[in-house]
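Asks: okay, here's the prediction I keep looking at, along with the sequence it came from:
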Amino acid sequence: MQCFDIVVLSFCASGFSPGVSSEHVDELRVFLLVCGLRRVKDPLYLLEVFSEWHYENPLNVLVIIGPKIDPVLTIEVEAAVKRTAGVFLAQEKSQQELHAAMKRCFAVVNSSISEGMSAAILEAMDLGVPVLARDIPGNAAVVQHELTGLLYSSPQEFVHQSQRLSSDHELRERLVKNGKLYMEERHSLKLERETYQRLVDTLL
């Protein structure tokens with residue numbers, strides 16, 4: 001069985017699709033859904049439509065990675081992934097390992113029902129990785145559509161936006177550039193440190 005390693009995540013090429021041979025492993029477009037397994041993250045939201053898309057193009061794969069927070073939902077996700085082509089569940093990794101995997105993936109995905117400020121989205125922007133986020137208030141407050149990332153409001157629109165990201169290199173470069181710029185201007189370590197220091201000062 002031919003296997004490959006995306007930095008820290010080991011997957012079997014033959015498990016993705018019978019049409020994916022070892023020489024095409026490097027061409028895989030890995031969409032990384034970074035989330036704890038709990039209802040508010042809605043990890044099953046994209047599975048059916050993504051699987052259909054995977055059948056059309058076996059190079060597209062979705063990997064769900066994060067801690068197993070809700071035991072009941074975890075069982076549901078594990079069962080759904082086993083019967084869904086092109087979708088995989090990975091073990092929780094250290095932050096260093098996760099960031100390494102994020103830098104190697106095609107895009108980082110958010111499918112949450114509700115968000116405050118998604119750490120995974122901010123980390124992806126900082127790492128220069130395009131973001132595809134569900135169009136909810138918390139995500140829209142961080143992701144400006146077609147400028148710092150892409151927003152979608154349905155699984156079908158997720159596929160449409162992903163196809164744009166795959167075919168439009170100028171769009172991809174713009175999202176990466178503006179995402180990193182957004183992080184430098186709004187969430188740099190220096191800025192965050194100064195903000196927290198001012199907050200502490202006001203409390204003293």
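Replies: Arrived safely, thanks for sending.

Asks: ok, how many other residues are close to residue 84?
Replies: 17 (other Cβ atoms under 10 Å). Placement of C-beta: from N, CA and C, glycine included.

Asks: who touches it in this structure?
Replies: Taking Cβ atoms under 8 Å, 6 or more residues apart in numbering, we find residue 84 in contact with 47, 48, 50, 51.

Asks: shaky segments in this protein?
Replies: 1-26, 187-204 (pLDDT under 70).

Asks: how about the helices in this structure?
Replies: 13-16, 47-56, 71-82, 95-104, 119-127, 137-140, 155-167, 169-186, 189-203 (DSSP state H).

Asks: could I get those as JSON lines with mean neighbour count and distance to residue 62?
Replies: Formatted as JSON lines, the helices of the chain follow (neighbours: other Cβ atoms under 10 Å; distance: least, Cβ to Cβ, whole Å):
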{"stretch": "helix 13-16", "mean neighbour count": "17", "distance to residue 62": "11"}
{"stretch": "helix 47-56", "mean neighbour count": "17", "distance to residue 62": "5"}
{"stretch": "helix 71-82", "mean neighbour count": "14", "distance to residue 62": "9"}
{"stretch": "helix 95-104", "mean neighbour count": "16", "distance to residue 62": "13"}
{"stretch": "helix 119-127", "mean neighbour count": "21", "distance to residue 62": "14"}
{"stretch": "helix 137-140", "mean neighbour count": "16", "distance to residue 62": "18"}
{"stretch": "helix 155-167", "mean neighbour count": "17", "distance to residue 62": "10"}
{"stretch": "helix 169-186", "mean neighbour count": "15", "distance to residue 62": "18"}
{"stretch": "helix 189-203", "mean neighbour count": "9", "distance to residue 62": "31"}
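
Asks: right, I'll leave it there.
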